[in-house]
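Chemist: This is the structure alone, sequence omitted:
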DNA sequence: CCTGGAGTTGTCCTA
DNA sequence: TTAGGACAACTCCAG
């Protein structure tokens, strides 16, 4: 006799608390089977290296939460689910929606296929507002953040209030894959090292949130600009993988006492930016690869592999840029301020296509997210609709002095500059010989000469942009 | 259809 | 030393 069960298909919702699909099933079924399917067949793009590491440990954690009852599978979800339906008496399959174009396409077809045999339901687990519900009065989507968020989101109905039901996960005897069969880890030293700063999993996300709301959120609106300060939540990987829902964060931050209004509002608007990125990806699915502003299709990018390599590994000779890129490589994360600095440097000073930066971030970030990553790169490059004016080019020396005034961030990630006096830390090429000699530091040997002249490359970026304007 | 105000995150020069 | 304006022009959005 087959066991009667309902299936919850875990995707970017690797949590138990405030999981709408799980809550729905728990109201209707006694035995819920939790399933994860590693789908390399339909995925576009493939998961990045850092994402695979995070996923591996997240699944391990989730499986423990389910007392070892998470069914781990690999392959085409259609086949995997068919297999489960043959083995069990499956009453219903449900999941929480994803918004990546390839997943929408896959799930749409799958739903049609499964609906012929079984009840299928999908829920909103990861967005405060469904992208198709926020539109202008004329029925078309917003393209500018501020009206999207203030007028669109904030005047729409309030986000779902987080809640949790008691879930009975089914103690199954199905022979599934082992986590190691997914081949997510290559057992590289790098994989272990980047995780040293992180504790993966739902309970840890809750703990980090609590600690951030107790301390870090105070002065968030200002402090978030300084990479060395503890004023950012570092929750982005957990939010991306659904280990904490934006709904939980939204209502928690709203309920805080003794926190300034501005800090609460700015934190909420950051959640709003995440919404906006998904919104753009939903309405403009080509966002990941193609310029939103099509006139940029004629822009004269430079194809400079050597400079790209130096940038990616953090050897540009510009300290704040290298610090950011090395933080990324070493920790699977980069603070928001250096993200802007390094991307402006790649796109404007080096004139390398934002696609290259987007791909590198995709590979290296724990929070690599198709929506936020591409929307942000387009913003920096000025190719998005809601974009920075092209003349707004970050000066990495000025930015360093302003946002890392004591040089702690630079010295942490670029230790070869440790002894350089603060006056020259942001531009070591200006350090006089007698000082360099004193500390036994030699530019070109201990640390590279800058790969590009900042002033000249700024001018070059501006004139390349002017060229584009004349063409159009 | 027309109009006017606004658009996450900056830099540089000048007075 | 510091504050203010220039830096582009265009599209978006709401009234």
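Modeler: Thanks, I have the structure now. Fair warning: this is a prediction, and the values are worked out from it, not measured in the lab.
Chemist: okay, CA-based contacts and neighbour counts for the rest of this
Modeler: Noted.
Chemist: Tell me who's in contact with residue A:378.
Modeler: Residues near residue A:378 by C-alpha atoms under 8 Å, 6 or more residues apart in numbering: A:291, A:292, A:354, A:384, A:387.
Chemist: what do you get for residue A:21?
Modeler: By C-alpha under 8 Å, 6+ apart, the contact list for residue A:21 reads A:8, A:94, A:95, A:96, A:121, A:122, A:123, A:125.
Chemist: State the pLDDT value of the last one.
Modeler: The score at residue A:125 is 98. That number is its pLDDT.
Chemist: Could you do the third one as well?
Modeler: In the prediction, the pLDDT value recorded for residue A:95 is 98.
Chemist: Which strands border the helix or strand hosting it, and is each parallel or antiparallel?
Modeler: Following DSSP states H and E, one finds residue A:95 within strand A:89-96. Strand pairing for strand A:89-96, using DSSP bridges, gives strand A:4-10 (parallel), strand A:119-123 (parallel).
Chemist: Tell me the buried residues in the host helix or strand of residue A:209?
Modeler: Assigned by DSSP H and E, residue A:209 falls within helix A:202-211. Of the residues in helix A:202-211, A:202, A:203, A:204, A:205, A:206, A:208, A:209, A:210 count as buried by neighbour count, 16 or more other C-alpha atoms under 10 Å.
Chemist: Of these, just say which sits nearest to DNA strand C.
Modeler: Of all those, DNA strand C sits closest to residue A:209, with 31.7 Å by C-alpha to the nearest atom of the strand.
Chemist: ok, the closest one touching residue A:238?
Modeler: No - with contact defined as C-alpha atoms under 8 Å, residue A:209 does not reach residue A:238; the gap is 10.2 Å.
Chemist: of the strands paired with strand A:89-96, which approaches residue A:113 most closely?
Modeler: If you check each of these against residue A:113 by C-alpha to C-alpha, strand A:119-123 wins as the nearest, at 10.0 Å.
Chemist: Whichever helix or strand comes after the closest one packs against which elements?
Modeler: Using DSSP H and E, the next helix or strand after strand A:119-123 towards the C-terminus is helix A:145-146. Helix A:145-146 is packed against no helix or strand, with contacts defined by 3 or more C-alpha pairs under 8 Å, 6 or more residues apart in numbering; DSSP states H and E.
Chemist: right, and the helix or strand after helix A:145-146?
Modeler: Of the helices and strands lying after helix A:145-146 in sequence (DSSP H and E), the nearest is helix A:189-194.
Chemist: Report the mean per-residue pLDDT for that next one.
Modeler: On average, the pLDDT along helix A:189-194 is 94.
Chemist: now do stretch A:11-23
Modeler: Average pLDDT, stretch A:11-23: 98.
Chemist: Show me which residues of the stretch 351-472 of chain A are close to DNA strand B?
Modeler: Counting by C-alpha under 7 Å from any atom of the strand, the stretch 351-472 of chain A comes close to DNA strand B at A:376, A:379-380, A:386-388, A:391-396, A:398-399, A:455.
Chemist: Residue A:54 contacts residue A:200, doesn't it?
Modeler: Yes - in this structure residue A:54 lies within contact range of residue A:200 using C-alpha under 8 Å: 7.2 Å.
Chemist: The spatially most central residue of chain A in helix, strand or coil?
Modeler: The structure's chain A has its C-alpha centroid closest to residue A:367; by C-alpha atoms, centre = their mean the separation is 3.3 Å. Here residue A:367 is coil, with the state taken from DSSP: H, G, I helix; E, B strand; the rest coil.
Chemist: so who does it touch?
Modeler: Residues near residue A:367 by C-alpha under 8 Å, 6+ apart: A:51, A:236, A:237, A:238, A:239, A:240, A:241, A:333.
Chemist: Try it again at 6 Å.
Modeler: Counting by C-alpha atoms under 6 Å, 6 or more residues apart in numbering, residue A:367 touches A:236, A:237, A:240.
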